[in-house]
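J.: Show me how the following folds:
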Amino acid sequence: QVQLVESGGGLVQAGGSLRLSCAASGRSFAGSPMGWFRQAPGMEREFVAVSWSSMTAYADPVKGRFTISRDNAKNTVYLQMNSLKPEDTAVYYCAADASYGLPRLRQQYNYWGQGTQVTVSS
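T.: As a prediction, this is how the structure comes out:
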């Protein structure tokens, strides 16, 4: 059974940093896109970042502040978040297994983690 488990969320002050991790089990995602989405209260779940092969893509609000990386040997994807802002407050979800490319739509992913809360105080 495939599982994605996020960790690393928490409470941080504006300007601070957090590093999220997502460990996958049940199959290898080495050749598949793995991404991060987030959902703030009352909002739709939105794309944050995706990694596939040697390529990455980011949503405009996080460009230059967030960095996605992965360790295929550990079947794990990371999201380094710097210069955090209160508007980054959300539950962050890991997603995997769109077929190829740098997908930005929720429906392109087959597997999801349970989410980890990130709260940025002003």
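
J.: residues contacting the most centrally placed residue in the chain?
T.: Using C-alpha atoms, centre = their mean, the residue of the chain that lies closest to the mean C-alpha position is Trp36, 2.3 Å off. Residues in contact with Trp36 (C-beta atoms under 8 Å, 6 or more residues apart in numbering) are Leu20, Cys22, Val48, Ala49, Val50, Ile68, Val77, Leu79, Tyr92, Tyr93, Cys94, Ala95. From N, CA and C alone the C-beta is placed, and that goes for glycine too.

J.: Ok, Phe37 next?
T.: So Phe37 contacts Arg45, Glu46, Phe47, Val48, Tyr92, Tyr93, Ala95, Arg106 (C-beta under 8 Å, 6+ apart).

J.: From those, which land in strands?
T.: Among the contacts of Phe37, DSSP state E puts Glu46, Phe47, Val48, Tyr92, Tyr93, Ala95 in strands.

J.: Quick one: buried ones out of those residues?
T.: Buried members of the ones in strands among the contacts of Phe37, counted by 16 or more other C-beta atoms under 10 Å: Phe47, Val48, Tyr92, Tyr93, Ala95.

J.: for this structure, what spans make up the strands?
T.: Using DSSP E, the strands of the chain run over 3-7, 10-13, 18-25, 34-39, 46-52, 55-58, 66-71, 76-81, 90-96, 111-112, 116-121.

J.: Can I get these in JSON lines including distance to Leu102?
T.: What follows is the strands of the chain, written out as JSON lines (distance: least, C-beta to C-beta, whole Å):
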{"stretch": "strand 3-7", "distance to Leu102": "18"}
{"stretch": "strand 10-13", "distance to Leu102": "28"}
{"stretch": "strand 18-25", "distance to Leu102": "17"}
{"stretch": "strand 34-39", "distance to Leu102": "8"}
{"stretch": "strand 46-52", "distance to Leu102": "5"}
{"stretch": "strand 55-58", "distance to Leu102": "4"}
{"stretch": "strand 66-71", "distance to Leu102": "10"}
{"stretch": "strand 76-81", "distance to Leu102": "13"}
{"stretch": "strand 90-96", "distance to Leu102": "12"}
{"stretch": "strand 111-112", "distance to Leu102": "17"}
{"stretch": "strand 116-121", "distance to Leu102": "22"}
